[in-house]
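S.K.: Structure of the sequence below:
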Amino acid sequence: MTLAYIIHLANYSDGVLYVLAVLFLIATAVMLDRVWYLRRAILRGNAIVTRMARMGQLSVNDVAEMRDFAGRQPEAILLDTALHHIADADPTAMGNRMDEAIMLVAPRLDQRLWILDTIVTLAPLLGLFGTIIGMFHAFSVLATPGHAPAEVTGGVADALVATAFGILIAMLGLSAFNMLQNQVRLILHQLETIKTMVLNRTDGALLVPMVRAGGSMRAAAE
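M.R.: Numbering: from 1, shown residues only. From the prediction side, this is the model:
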């Protein structure tokens, strides 16, 4: 497929293929940005959860160290909130503050995913619109005296490219959107887990860790 033929297909759809190409680039940019951000957050969250699970109690220095380790990830905001309220006498109030922090962080996790969702819905419709325009061009050949049947069938084939491209964008975008939504759900679960672990390990009671240094799960009675 040459560049000249691609330009011919785009012109055959009156520029709809150009719009689809722009949507594809935007969707790709959103996917790469969100995958990079969410994947880093998941890995950092897993490390923090694993480290906390090995501790029976958490001191102020422990929480501060984990907050610094979280860097600019969502877990840092939650741990910073815990650090500022760790001295509160009422653990319920501290838990409410941490819930508020999770609510403030949540919109950052699915940021720009609405763009991907919109493209998934719009691309097939736009591709179908381009195909309809191409059909107009294909069947307009019938009005020309001495037309060849191959011109009509060739025009129909060229017109269907827009629909195929739109469906391809939708399939790729939908797969990425579902994957990213699952990662958002996993990060929110990690934040809830970190909140619970901080509350349990700063209430003054001794907690026997369930995860040993080797990383295997054992009962506390062992």
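
S.K.: quick one, helices of this structure?
M.R.: If you assign secondary structure with DSSP state H, the helices in the chain sit at 3-12, 16-53, 60-70, 74-85, 91-109, 113-139, 149-201.

S.K.: For Ala101, give me its contacts.
M.R.: Ile77, Leu78, Asp80, Thr81 (Cβ atoms under 8 Å, 6 or more residues apart in numbering). For every residue, glycine as well, the C-beta is placed using N, CA and C.

S.K.: out of those residues, which is most surrounded?
M.R.: Leu78 (28 neighbours; other Cβ atoms under 10 Å).

S.K.: which ones are touching it?
M.R.: Residues in contact with Leu78, defined by Cβ under 8 Å, 6+ apart, are Met98, Ala101, Ile102, Val105, Leu191, Ile194, Lys195.

S.K.: so how far is Ala21 from the nearest residue to Leu128 once chain neighbours are set aside?
M.R.: Spatial nearest neighbour of Leu128, excluding adjacent residues (Cβ to Cβ, 6 or more residues apart in numbering): Thr163 at 5.4 Å. As defined by Cβ to Cβ, to the nearest Å, Thr163 lies at a distance of 15 Å from Ala21.

S.K.: of the two, who's got more company?
M.R.: Thr163 (22 against 14).

S.K.: and the more buried one, what pLDDT?
M.R.: Turning to Thr163, the model gives it a pLDDT of 89.
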